[in-house]
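*Asks:* Structure for the following, please:
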Amino acid sequence: MVDGSWTSTAQFSGMGWVWQDTLGKIQLMGSRNLRRRETSLHSELEALKWAMESMLQHLTCQRFGTDCKDMIAMIEQPQDWPNFSTELEIIQTLRLCFSDFKISYVPRTQNEIADSLARNARSFHRSLCFIGCSIPVWLPRPPQV
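*Replies:* The predicted model follows:
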């Protein structure tokens with residue numbers, strides 16, 4: 001599960017992802033912020049890119065979930081989104097590293113942990129990059145963890 005968080009007034013864009021095993025148990029998660037991206041869709045793509053890079057380093061995950069239908073449309077038809085061509089080209093290159101890459105829509109209610117990690121990263125008062133199997137005490141706890 002992956003999510004990006006963006007507001008027009010925040011200093012940062014936030015990203016969050018959660019890898020769960022087939023039983024739904026959290027195995028690894030990440031929370032990161034970067035300087036605010038141009039739009040919310042740019043933040044969503046940046047979150048997916050980071051999740052893909054992290055999966056390549058740490059795990060064998062092949063399936064990704066998002067609550068952003070536009071991002072799925074962008075990945076399926078990149079030529080229809082010329083304003084995002086640079087970001088989509090990077091995503092397409094990363095896809096080549098996965099033998100069975102899939103991305104699917106999940107309702108926001110099923111993406112609450114990644115959403116919370118992204119929102120917390122966006123509102124964090126300084127640069128943040130965290131990957132681990134549990135939430136550190138200094139980071140607010142997402143729901144359902």
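*Asks:* Phi first, then psi, for the nearest residue to Glu53 once chain neighbours are set aside.
*Replies:* If the residues on either side of it in the chain are set aside, Glu53 comes closest to Leu94, at 6.9 Å by Cβ to Cβ, 6 or more residues apart in numbering. In short, each C-beta sits where N, CA and C put it, glycine included. With angles defined as degrees, to the nearest 10, Leu94 sits at phi -60, psi -40.
*Asks:* longest helix in this structure, by residue count?
*Replies:* helix 40-58 (DSSP state H).
*Asks:* So what's the gap between it and the chain middle?
*Replies:* Centre-to-centre, helix 40-58 and its host chain are 5 Å apart (Cα atoms, centre = their mean, to the nearest Å).
*Asks:* Go ahead and name everything in contact with it.
*Replies:* If you take Cβ atoms under 8 Å, 6 or more residues apart in numbering as the criterion, helix 40-58 is touched by 2-6, 13-17, 19, 28, 30, 32, 34, 37, 61, 64, 66, 68, 70-71, 74, 84, 87-88, 90-91, 94-95, 97-98, 103, 118, 131.
*Asks:* mind running it again at 7 Å?
*Replies:* 2-6, 13, 15-17, 28, 30, 32, 34, 37, 61, 64, 66, 68, 70-71, 84, 87, 90-91, 94, 97, 118, 131 (Cβ atoms under 7 Å, 6 or more residues apart in numbering).
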